[in-house]
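**Student:** next one to model:
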Amino acid sequence: MSEAAVKTGHPKGLWVLFGTEMWERFNFYGMRTLLTLFLVNSLMMKEENASLIYGGFLGLCYLTPMLGGFIADRFLGNRNCIMLGGLLMAVGQLMLFVSASVFGENLGLATTIMYSALFVIIFGNGFFKPNISSMVGSLYPAQEKNKLDTAFTIFYMGINLGAFLGQFICPFLGDVKDSGGIRDIHAFKWGFLAASIAMLIGTAVFYFLKNKYVVSPEGKPLGGLPSKNTAEDYAEGEAQKAVFTSKALILSVVAFIGMFLLFHFSVDGDNVVKTIIYPIIYASGITLAGLILSDSSLTKIEKDRILVIYIISFFIIFFWAAFEQAGSSLTFIADNQTDRNFFGWDMPPSMVQIFNGIFVVALAIPFSMLWDKLRAKNNEPISPAKLALGLLIIAISFFMIATQVKDLGTSGLLAIKWLVLLYLLNTCAELCLSPIGLSLVGKLSPKRFSSLLYGVFFLSNASGYALAGTLGSILPATGDKFVKAKELGIDLQSVLDKKIVPSAEQLKLLSDNQISDHYPPFAGFEIHNLFEFFMVFVILTGLAAIILFALTPFLKKMMHGIR
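**Tutor:** Numbering: from 1, shown residues only. As a prediction, the model looks like this:
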């Protein structure tokens, strides 16, 4: 082990990956703060459609790591995929800058460029995301794998330091309102440009430092071309190559088509995101999980450990479905029904998300120290128990916010302190779940499936984001919609309660002003207010937490000694 690793307990390569990921997350989260507001205010979309696009975009960002992980494991290696992904994301952000520059002259062209930009970012993220995560675990010798929870918590602090910077700088530049509260819809482009520059910095950091510091405990460069791997790169007795039969591959294609059609026809409406993109995300996750288990080289222990990854991935879906309301419904609530006076400063609504990044940076090391202290006393909970705790905390956070909005009505304003507290609790939940999940995949994955299983794990994020988009789209009308409808001479409450039937002219006015004329439905029920909206998340995450806690003893056995 290097001298630096002996002194600090962690190799210098961790800090290179930390820095690279920090700038990438600046790029991603900075853009994320502005995306839905840009869609609604500049590209003139309804909030419901913006939420669906947001969920579909994030979902695809965590679907493509499956492809990026496969290409890295088989062809290009981690390093090349990280640099390719970084450059693609920088280009995608520049395209958003162009879209936000031309929408006033040509709305149709701006919308087309926006969609193209999102797809470039999606594929860039797919190459980048699984490969940098899988390299963290490779920095440590086998006898120090118990340090991975701490290492991934430090790595996760880098993620959220970048998120904090992006969530501050991009809204500061791009979400600008004058003294009268009127938004400058032409300012979004500067936030997107800042995100692009950050991604270029992150790619350069990795390019110039990778050869010197991103190395194995023996000093061998990590993440090179797979064709140059040798037998010593694998654990003793571990197969070096996956073995998929033609029959398994054909069955996977058939299963994908069948699952896609099942999800496709189970969705009402004609929205492309709901009927095409979301079914692709769900079907891909299930199909890939089955394909990996069909590998004839897997041992019984390897299969059990992979099944643990699949089980925890399923429960993580519900966490991200709640957590990722930050960029859609919670941003709309911050914009439309929140008193954002923060110590005398009227905070931009997109910047309210910054508290998550602040709290992660502040709490990542204390959480890391907590796990180390509990481990030293042999009292550390196993990883699935930590994940269940994260689900429970986020359920509590949404119950807290549900009680605060219960009596707001259509004109009351939520105090910003409650959103700050929500993000504090969500951050504690995140630190119990996300870095621990990343670490667990690194511990349980056979090397030949390392990047690909990170891709599978990120599919749980993808499915969670898709579900987040669906749930975000059921946000009922917030206070500003009632005010706008009143200005148009329409009693929106009476329309929603079906006490009056609006005329065709009134319906057009509502539609033109992005106001729905009905309560959003979910699972056969109408969502009448914000309290009912938030209770949906309390129920989903609370049930997931209880079930995962109950399964923990069984998962412990299937992990075969890994905690």
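**Student:** just list what the lengthiest helix in the chain packs against, helices and strands only.
**Tutor:** Counting by DSSP state H, the longest helix found in the chain is helix 107-138. Contacts defined by 3 or more C-beta pairs under 8 Å, 6 or more residues apart in numbering; DSSP states H and E place helix 107-138 against helix 12-41, helix 47-61, helix 65-71, helix 77-102, helix 148-174, helix 416-444, helix 450-472. For glycine as for every other residue, the C-beta is placed from the backbone atoms N, C-alpha and C.
**Student:** and that helix, which residues are buried?
**Tutor:** For helix 107-138, burial by neighbour count (16 or more other C-beta atoms under 10 Å) applies to 110-111, 113-114, 117-118, 120-138.
**Student:** let's check: the centremost residue of the protein is which one?
**Tutor:** residue 461 (5.7 Å; C-alpha atoms, centre = their mean).
**Student:** wait, that residue touches residue 60, no?
**Tutor:** No: Residue 461 is not in contact with residue 60 according to C-beta atoms under 8 Å; the separation is 11.0 Å.
**Student:** so where's the stretch 351-500 of the chain uncertain?
**Tutor:** Confidence mapping of the stretch 351-500 of the chain against pLDDT under 70 gives the ranges 451.
**Student:** try it again with 80
**Tutor:** Residue ranges of the stretch 351-500 of the chain with pLDDT under 80: 364, 368, 410-411, 435, 438, 442, 446-456, 458-459.
**Student:** repeat that for the stretch 201-350 of the chain.
**Tutor:** Residues of the stretch 201-350 of the chain that meet the cut-off, pLDDT under 80, sit at 215-245, 268-270, 285, 289, 295-297.
**Student:** which stretches of it form helices?
**Tutor:** 246-265, 272, 278-293, 300-323, 329-336 (DSSP state H, counting those that start in this stretch).
**Student:** among the ones you listed, which comes closest to residue 69?
**Tutor:** Among those, the nearest to residue 69 by C-beta to C-beta is helix 278-293 (9.9 Å).
**Student:** how far off centre is that closest one?
**Tutor:** Taking C-alpha atoms, centre = their mean, to the nearest Å, one finds helix 278-293 lying 18 Å from the centre of the chain it belongs to.
**Student:** make CSV out of the helices and strands packed on helix 107-138 and add distance to residue 287.
**Tutor:** Converted to CSV, the helices and strands packed on helix 107-138 look like this (distance: least, C-beta to C-beta, whole Å):
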stretch, distance to residue 287
helix 12-41, 26
helix 47-61, 15
helix 65-71, 10
helix 77-102, 22
helix 148-174, 27
helix 416-444, 19
helix 450-472, 10
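**Student:** for residue 278, which of the ones you listed is the nearest?
**Tutor:** That would be helix 450-472 among these, by C-beta to C-beta, at 4.5 Å.
**Student:** which among the helices and strands packed on helix 107-138 is found nearest to residue 212?
**Tutor:** Closest to residue 212 of those, according to C-beta to C-beta: helix 12-41, at 8.3 Å.
**Student:** mind listing what the nearest residue in space to residue 162 that is not next to it in sequence touches?
**Tutor:** Leaving aside its sequence neighbours, residue 162 sits nearest to residue 25 (C-beta to C-beta, 6 or more residues apart in numbering; 3.3 Å). Listed by C-beta atoms under 8 Å, 6 or more residues apart in numbering, the contact set of residue 25 reads 158-163, 166.
**Student:** ok, residue 560 next?
**Tutor:** 301, 304-305.
**Student:** with residue 441 instead?
**Tutor:** Per C-beta under 8 Å, 6+ apart, neighbours of residue 441: 309, 453-454, 457.
**Student:** that one and residue 177, how far apart?
**Tutor:** Distance, residue 441 to residue 177, by C-beta to C-beta, to the nearest Å: 42 Å.
**Student:** next one: residue 299
**Tutor:** Residue 299 is 60 Å from residue 177, by C-beta to C-beta.
**Student:** residue 463 and residue 283 touch, don't they?
**Tutor:** No: between residue 463 and residue 283 there is no contact under C-beta under 8 Å: 10.3 Å.
**Student:** just the buried subset of the contacts of residue 560, written out for PyMOL, thanks.
**Tutor:** Burial among those is assessed by 16+ other C-beta under 10 Å; the matching PyMOL selection reads:
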select buried, resi 304+305
